[in-house]
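A.B. asks: Sequence isn't available, so here's the structure alone:
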């Protein structure tokens, strides 16, 4: 009965000149059998018993979550924030924009280094729109069976259109890699073709978000399918200062020099800053401290920078030498002694050994960097 009434409504809209709305209703009716099967299990929302599965492993190919904005908003550079707000406005007022031919497909591609907030951005968008987030699991979506990956893709896209949601394709380069390179195989080319066809088949109002760390690997045809392309770069000085303040909560940041922290953390991502703050806050709680120790915070930042740069600091002595060489202004003999519970004489002895042990440490660090 509902299908019959929907068909009549589509006919009435078309006769009144609203062909776009009529077409959308008929597209929904074409998918009705799959949607009605799930509706028997879940009157509201998605049916978790009918999540799309891989035909080979029988594992789910999507995860469903309901992000919220309770933990604060995502901090982004001003230009990126403006572009995201434009994307959200395009979704919220899609029909108004469509009437004047100014609506763009609700598809966004975020790209940039790891740790710059691409996954958080997808959750941020879903939270702002108060929609469920469907995250595609590439580990189960990609199958070893010929043609199974393409079938899995089709099922995921069909499932995402049962009700309004944000479909999130993380690690997008695993599905949308450029065709034609010497190491390519026919099956990978078919997956890209299937992906392009599925994107083209969904209504322009369907919300699709994709993210990749390797935008240079994407097939050129993929870029044309996304009206909104967002570069996610490492945070600048002003943004790093805001990140330090946000991630240190609920500890007060008033006693800390956020400008110094922002300067010292040049070249690292927001994820690195978050990890340093989490480690520092955990240390403060375990030591029953009521505030964050600034020296401990900078120490953890220095060690994070060393790890990010591929340096091997496997002993206390190597940490002491690295910190003193990296930021001697903040790591005097007395400060290092307090942080590592060593005497000033012991710290002096460790630093004097730098000449003999430094080349070996540097060699190990260089070897790690070359392997990376």
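C.D. replies: Happy to help now that I have it. As the structure is a computational prediction, the values presented were derived from the model and not from experiment.
A.B. asks: Okay, and the residue most central in space within the chain sits in which element?
C.D. replies: Taking C-alpha atoms, centre = their mean, the centroid of the chain lies closest to residue 119, which sits 1.8 Å from it. Using DSSP states H and E, residue 119 falls within helix 118-129.
A.B. asks: Just checking, which helix or strand succeeds that helix along the chain?
C.D. replies: strand 133-136.
A.B. asks: Any buried residues in that following strand, and which?
C.D. replies: Across strand 133-136, burial judged by 16 or more other C-beta atoms under 10 Å covers 133-136. Where you see a C-beta, it was placed from the backbone N, CA and C, and this is true even at glycine.
A.B. asks: What mean pLDDT does it get?
C.D. replies: Here strand 133-136 scores 92 as its mean pLDDT.
A.B. asks: Who does it pair with, and is each partner parallel or antiparallel?
C.D. replies: strand 62-65 (antiparallel), strand 166-169 (parallel) (DSSP bridges).
A.B. asks: Among these, show the one with the smallest mean pLDDT.
C.D. replies: strand 62-65 (a mean of 88).
A.B. asks: List the contacts of the following helix or strand past that strand.
C.D. replies: Downstream of strand 62-65, the first helix or strand assigned by DSSP H and E is helix 78-92. By C-beta atoms under 8 Å, 6 or more residues apart in numbering, the list of residues contacting helix 78-92 from outside reads 76, 97, 103-104, 106, 108, 121, 124-125, 128-129, 205, 207, 228, 230-232.
A.B. asks: Also stretch 328-346?
C.D. replies: Contacts for stretch 328-346 (C-beta under 8 Å, 6+ apart): 295-296, 298-299, 302, 316, 319-320, 323-324, 347-348, 350-351.
A.B. asks: follow-up on the earlier one: mind putting the strands paired with strand 133-136 into TSV with distance to residue 155?
C.D. replies: As requested, the strands paired with strand 133-136 are arranged in TSV below (distance: least, C-beta to C-beta, whole Å):
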stretch	distance to residue 155
strand 62-65	9
strand 166-169	12
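A.B. asks: got those as a markdown table, with distance to residue 220 and mean neighbour count columns?
C.D. replies: Below are the strands paired with strand 133-136 laid out as a markdown table (distance: least, C-beta to C-beta, whole Å; neighbours: other C-beta atoms under 10 Å):
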| stretch | distance to residue 220 | mean neighbour count |
| --- | --- | --- |
| strand 62-65 | 27 | 16 |
| strand 166-169 | 17 | 26 |
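A.B. asks: Out of those, flag the one nearest residue 289.
C.D. replies: Closest of the strands paired with strand 133-136 to residue 289 is strand 62-65, at 34.3 Å (criterion: C-beta to C-beta).
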